[in-house]
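>>> quick one, what's the 3D model for this:
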Amino acid sequence: MRDTILKFEVSALAIRARTFIFSDPRSKALLPLIARTAPSDATVMITGETGTGKELVARYVHQQSGRADRPFVAVNCGAFSETLAESELFGHERGSFTGATNAREGWFEAANGGTLFLDEVGDLPHSLQVKLLRVLQEREVVRIGARRPVSLDFRLIAATNVDLRAAVEAGKFREDLFYRLGVVTLPLLPLRERPADILPLARHFLGVYGEKSGAPAISLSPDAEDAVFHHAWPGNIRELENVIQRATLVAPGKFIEPEHLGLAAAVPGARTAGPAPVADAQGLDDIRSALSRLISFGEPQLLDRLIDLAVREAYALSNENQVRTAQALGVTRNVIRTYLKNAGLIGD
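As a prediction, the model looks like this:
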């Protein structure tokens, strides 16, 4: 299986903000929606845990749009104090409040003609949610202390690591703003739920930081790869990048061993059956229900098709590693190898 790698150059960005690497089927499934969304001017909501690459996706959407040669302005809503947030977003006139010695444009005006990326939009105070909704509806802002609105042309991309629907139900986020922001939603899964992305990402960061540290030929040993693959990565891609960067600096030779990774379970021989499980009782119930329907409908060659589906999915999620595929399915490598050969997925 080949990795999907999308690279784009932006000055003064972190390494992770210049490269997409998609190998896992769950990651690749998002690509068509991104491709259809990017050229439009639709407002986009990107959801996902911290460190999953939300700003990366936002920058990519911007650069694939008609606004690519215009400003991309990234703003972290969680970095504002409530008293300064309105001024930061919408600007102010001179003398409009104590300390306002000069007129100043807000981030919406700074992004005029381009794209404004509001990260952690769920952290906005309720009072500002009302004003944000008006800006999105009217496409104009009124600076603090001003009487005349400033007309704007911008695209908004928002991101959040919280469940905004739950926040709406709890009365912490406006329902009308929720729907206004979510014209298109791009959900980014945590790294533990797209395990086939782990090693390709690790190898990418190895190449980047190995070259920076003066060790371009450095690589992960088999045990280190195993440790990386089976780690839960609660910090997602950001954590993975930091771990690899550190490992390239502390490893004395050409191979990174588990002890150089600094992971709690990164010790030789500490192998598990696979990444942190994500299936739950509800998932098993869904599978059982689907099976019942297929059996009731008399699906032809059902068992053969289910086995084929299970092997192909496990093979993809294991990054085409036969040993890990066998571990995931609870069979021997010889069984998997024979099946893959018969299915034409590998050669003799």
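
>>> low-confidence ranges, the stretch 51-200 of the chain, go.
95, 97-101 (pLDDT under 70).

>>> now do the helices in it.
54-63, 82-90, 107-110, 126-138, 164-169, 175-181, 198-212 (DSSP state H, counting those that start in this stretch).

>>> go through the ones you listed and name the closest to V335.
Of all the helices of the stretch 51-200 of the chain, it is helix 198-212 that lies closest to V335, at 23.2 Å by Cβ to Cβ. Every C-beta, even on glycine, is put in place using the N, C-alpha and C of the backbone.

>>> elements contacting that closest one?
Applying 3 or more Cβ pairs under 8 Å, 6 or more residues apart in numbering; DSSP states H and E, one finds that helix 198-212 contacts strand 19-22, strand 219-220, helix 222-230, helix 236-250.

>>> out of the helices of the stretch 51-200 of the chain, deepest packed?
helix 54-63 (a mean of 22; mean count of other Cβ atoms under 10 Å).

>>> and this protein, what are its domains?
Taking automatic domain parsing as the reference, the chain has its domains at 31-187, 194-260, 281-342.

>>> quick revisit: tell me which of the helices and strands packed on helix 198-212 lies nearest to L188.
Using Cβ to Cβ, the helices and strands packed on helix 198-212 put helix 236-250 closest to L188, at 8.8 Å.

>>> how distant is that closest one from the center of its chain?
17 Å (Cα atoms, centre = their mean, to the nearest Å).

>>> pull up the pairing partners for the following helix or strand past it, direction included.
Toward the C-terminus, helix 236-250 is succeeded by strand 255-256 as the next helix or strand (DSSP states H and E). Partners of strand 255-256 in the sheet, by DSSP bridges, are strand 219-220 (parallel).

>>> quick one: average pLDDT of the strand it pairs with?
Average pLDDT, strand 219-220: 93.

>>> so how far is that strand off the chain centroid?
On Cα atoms, centre = their mean, the centre of strand 219-220 falls 24 Å from that of its chain.

>>> residue numbering should commence at 50 henceforth.
With 50 as the first residue, the last one maps to strand 268-269.

>>> related to what we said a few turns ago, could I get the domains of the chain as TSV with distance to F69?
Below are those laid out as TSV (distance: least, Cβ to Cβ, whole Å):
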stretch	distance to F69
domain 80-236	7
domain 243-309	10
domain 330-391	17
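
>>> for these, which one ends up most surrounded?
domain 243-309 (a mean of 19).

>>> what about it, start to end distance?
24 Å (Cα to Cα, to the nearest Å).
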